[in-house]
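Enquirer: quick one, fold the following:
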Amino acid sequence: MMKKDIPDLSRIISETVDRRKNEIIDFCRDLIRIPSLTGGERRIQEFVAKHLKDMGLEVKVWEPDLSKMKGHPGYVDVGKDYVNRPNVVGIYKGKGGRSLILNGHTDVVTPEPLKKWSHHPWGAEICRGKIYGRGACDMKGGITGMIKALQILLELDLAPLGDVTLEVVVDEEASGNGTLASVLEGYNADAAIFAEPTSCVIMPAHRGAFFWRVYIEGKGAHAGVKYQGISAVEKGMLIYRALEGLENKRNEIGKKHPLYGHYPVTTPVCVGKFNGGWYPSSVPEECILEGSVEFLPGERVKTVREQFEQTVENTVKKDPWLKKHPPRIEWFGLSLPPAQISSDHSLIKTFKRAYTEIRGKEVKIAGFPAGCDMRIRVLYTKTPSIVFGPGDISLAHRVDEFIHIEELLLFIKILALGMLEWSQKENYLEN
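Expert: Residues are numbered from 1 along each chain as shown. Take a look at the predicted model:
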């Protein structure tokens with residue numbers, strides 16, 4: 001059991017984190033300064049591995065093996081291998097208490113359009129209490145937090161009784177295969193935390209998502225006689241409006257979900273790219289729409305795709321040209337199911353108490369408004385998991401991404417205290 005009571009531990013941890021503020025900031029900035037687009041994670045993974053070794057952890061670095069992953073239901077084929085893209089795992093060996101995995105991904109999305117950034121995306125500049133840069137909140141802040149929380153506990157001689165596994169993976173943005181590779185290497189625990197940006201809200205669920213592409217055919221003509229052509233862009237707008245209707249219809253159903261009902265849009269249908277035409281004075285002969293659909297725990301990819309197809313089909317039936325030239329739908333890239341654990345799980349109760357002890361008020365419980373790697377553990381290893389980390393998800397994947405320094409420090413305090421309490425209980429796996 002703990003040698004000190006919870007208030008004492010809370011005070012000691014909080015004071016130590018505050019005292020080491022500059023060290024924590026510097027580490028986060030070091031991570032941000034290393035460009036790590038999906039597919040180019042090698043250098044940052046080497047940096048993380050060295051730090052974990054310096055902490056005295058048992059460290060393994062390996063490249064995910066496609067031959068092991070193919071055929072697994074959690075595998076996503078993105079047409080790339082993992083040469084020079086290693087996973088990094090660092091393990092602190094406890095003394096029989098409940099174990100915990102802390103998961104984070106180092107890959108980030110493109111910083112384009114670069115000209116719109118006010119701060120350099122790899123500069124890790126500090127301005128008004130914020131650290132700016134690509135990956136600041138998604139999720140190099142979270143990785144900073146989970147590493148520093150364990151490091152501080154160990155250096156305070158407050159080591160958790162259970163094993164703590166720092167799981168730093170690649171390729172989350174495109175697939176989740178990095179976390180799957182770790183599962184297939186045999187890494188597991190009594191619970192897991194995915195330090196994605198939740199603004200320190202505890203989230204026991206995340207949405208599913210898949211990518212789609214729609215090809216629409218038109219008939220070309222010179223702009224001077226545009227009436228002799230059929231604009232594929234105009235037909236694309238019909239599909240676009242129909243998908244808006246699909247989102248509205250699904251949103252009404254999503255409003256009934258206890259963890260998602262408060263979101264203005266519960267199940268987004270996003271048109272991320274709309275391309276058509278080749279020349280300013282030509283009627284577009286082709287239009288291509290690309291986007292994503294997100295859906296809630298309890299829904300299946302197959303069912304939601306059928307709704308999407310039916311929406312397009314209903315639009316086609318109303319248009320003479322589209323009837324003769326039906327659009328072609330293609331599913332590509334990302335395809336992941338949602339996941340959820342019970343809001344009454346002891347993992348959630350533990351971190352709710354830690355939050356209240358550190359913050360002096362209760363934490364919100366909500367669903368994560370995106371997909372993430374949590375599904376790999378919940379669905380395939382039955383590991384109770386939550387999404388919980390610093391940073392605002394609305395700042396991810398956009399220009400001038402940043403993380404509030406004070407929120408990063410808060411996360412470290414809560415995580416460290418929660419780790420200690422979680423590890424104290426008898427070792428068991430609760431579904």
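Enquirer: what's the longest helix along the chain in contact with?
Expert: Longest helix in the chain, counting residues (DSSP state H): helix 232-254. Around helix 232-254, the neighbours that count as contacts under CB atoms under 8 Å, 6 or more residues apart in numbering are 214, 216-218, 260-261, 263, 265-269, 271, 274, 276-277, 284-287, 289, 291, 295-296, 307-308, 311-312, 314-315, 319, 321-322, 327. For the C-beta atoms, the positions are set from N, CA and C on the backbone; glycine is no exception.
Enquirer: out of the residues you listed, which sit inside strands?
Expert: Under the assignment DSSP state E, the contacts of helix 232-254 contribute 214, 216, 217, 269, 271, 274, 276, 286, 287, 289, 291, 295 to strands.
Enquirer: drop anything exposed from the contacts of helix 232-254.
Expert: Neighbour-count burial (16 or more other CB atoms under 10 Å) is assigned, among those, to 214, 216-218, 260, 263, 265-269, 271, 276-277, 284-287, 289, 291, 295-296, 308, 311-312, 315, 321-322, 327.
Enquirer: check contacts around the residue sitting nearest the centre point of the chain.
Expert: Per CA atoms, centre = their mean, the C-alpha nearest to the average position across the chain is that of residue 372, at 4.0 Å. For residue 372, the contacting residues are 172, 176, 194, 196, 206, 387, taking CB under 8 Å, 6+ apart as the criterion.
Enquirer: using PyMOL, define a selection of the buried residues within those.
Expert: Isolation of the buried members of those (16+ other CB under 10 Å) is achieved in PyMOL through the command below:
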select buried, resi 172+176+194+196+206+387
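Enquirer: from the contacts of residue 372, which is closest to residue 124?
Expert: Closest to residue 124 out of those is residue 196 (19.7 Å), distances taken as CB to CB.
Enquirer: next up, the contacts around the closest one.
Expert: Taking CB under 8 Å, 6+ apart as the criterion, residue 196 is in contact with 138, 139, 142, 368, 370, 372, 387, 389, 393.
Enquirer: most neighbours, which of these?
Expert: Ranked by neighbour count (other CB atoms under 10 Å), the contacts of residue 196 have residue 389 at the top, with 33 neighbours.
Enquirer: pass me the low-pLDDT residue ranges in the protein, would you?
Expert: Low-confidence segments of the chain (pLDDT under 70): 1-4, 425-431.
Enquirer: care to break it down by domain?
Expert: With automatic domain parsing serving as the domain definition, the record reports that the chain contains domains spanning 6-206+338-424, 208-336.
Enquirer: distance between the shortest one and the chain's centre?
Expert: Pointing back at domain 208-336 there. Between the mean C-alpha point of domain 208-336 and the mean C-alpha point of its chain there is a distance of 24 Å (CA atoms, centre = their mean, to the nearest Å).
Enquirer: for that domain, measure first residue to last.
Expert: The distance separating the two terminal residues of domain 208-336, taken as CA to CA, to the nearest Å, comes to 5 Å.
Enquirer: what do you get for the longest one?
Expert: Counting by CA to CA, the length from the leading to the trailing residue of domain 6-206+338-424 is 12 Å.
Enquirer: against residue 389, how distant is residue 271?
Expert: Relative to residue 389, residue 271 is positioned 28 Å away (criterion: CB to CB, to the nearest Å).
Enquirer: likewise for residue 38?
Expert: Counting by CB to CB, the separation of residue 38 from residue 389 is 19 Å.
Enquirer: ditto for residue 34
Expert: Counting by CB to CB, the gap between residue 34 and residue 389 amounts to 19 Å.
Enquirer: Three-state assignment for the residue nearest to the centre of the chain, please.
Expert: Under DSSP: H, G, I helix; E, B strand; the rest coil, the three-state class of residue 372 is coil.
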